[in-house]
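[1] kindly return the folded structure for what I paste below:
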Amino acid sequence: MVLRVLFATFPVWSLGLLSWVPSLRFALLGRRRLDWLVFGLFTALTVGYLVLLGTVPSDPEGDNPASLLAGAYAILFIGGSLVHGLLGEPRPAAGRVGAVPPPTVRGPGGYGYPHPAPGPHFGA
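    Take a look at the predicted model:
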């Protein structure tokens, strides 16, 4: 949980420049196609954010509607990536190599040597 919160704060303290980091973490952990698509979306939105920051002129009085829209985009973008980093849940892909198999049900006995499987016994 600590790592999730740490990675989720990247967009806040970097002022949106590293908003793609939580989705990259989810894509690497989950390895699903949807996770990689969300990572690509956040990367594209970050590039759009940088272009927006470079093209919209600064307006100290706040009369320019373009600067108002750019500010709203920045707040929504940073907030959205923060929420995605906190609430997004990486799920491993089904059938992934290295996935942990479900626990097996063991028969009676608990301690000592394993009991032979029920069924016909050949030999002895």
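[2] what pLDDT does the most centrally placed residue in the chain get?
    When C-alpha atoms, centre = their mean is applied to the chain, the residue found nearest the centroid is residue 26 (2.6 Å). For residue 26, the pLDDT comes out at 87.
[3] same check on residue 122?
    With respect to pLDDT, residue 122 has a value of 63.
[4] same question, residue 108
    Looking at residue 108, its pLDDT stands at 60.
[5] check residue 78 too.
    88.
[6] still on that earlier bit, contacting residues around the residue nearest to the centre of the chain?
    Applying C-beta atoms under 8 Å, 6 or more residues apart in numbering, one finds that residue 26 lies in contact with 35, 38, 39, 88, 90. Backbone N, C-alpha and C define where each C-beta goes, glycine included.
[7] and it, how far is that from residue 61?
    In this view, residue 26 and residue 61 are 41 Å apart by C-beta to C-beta, to the nearest Å.
[8] what sits up against the host helix or strand of residue 11?
    In the assignment (DSSP states H and E), residue 11 maps to helix 10-13. The contact list for helix 10-13 (C-beta under 8 Å, 6+ apart) reads 18, 19, 21, 22, 77, 78, 81, 82, 85.
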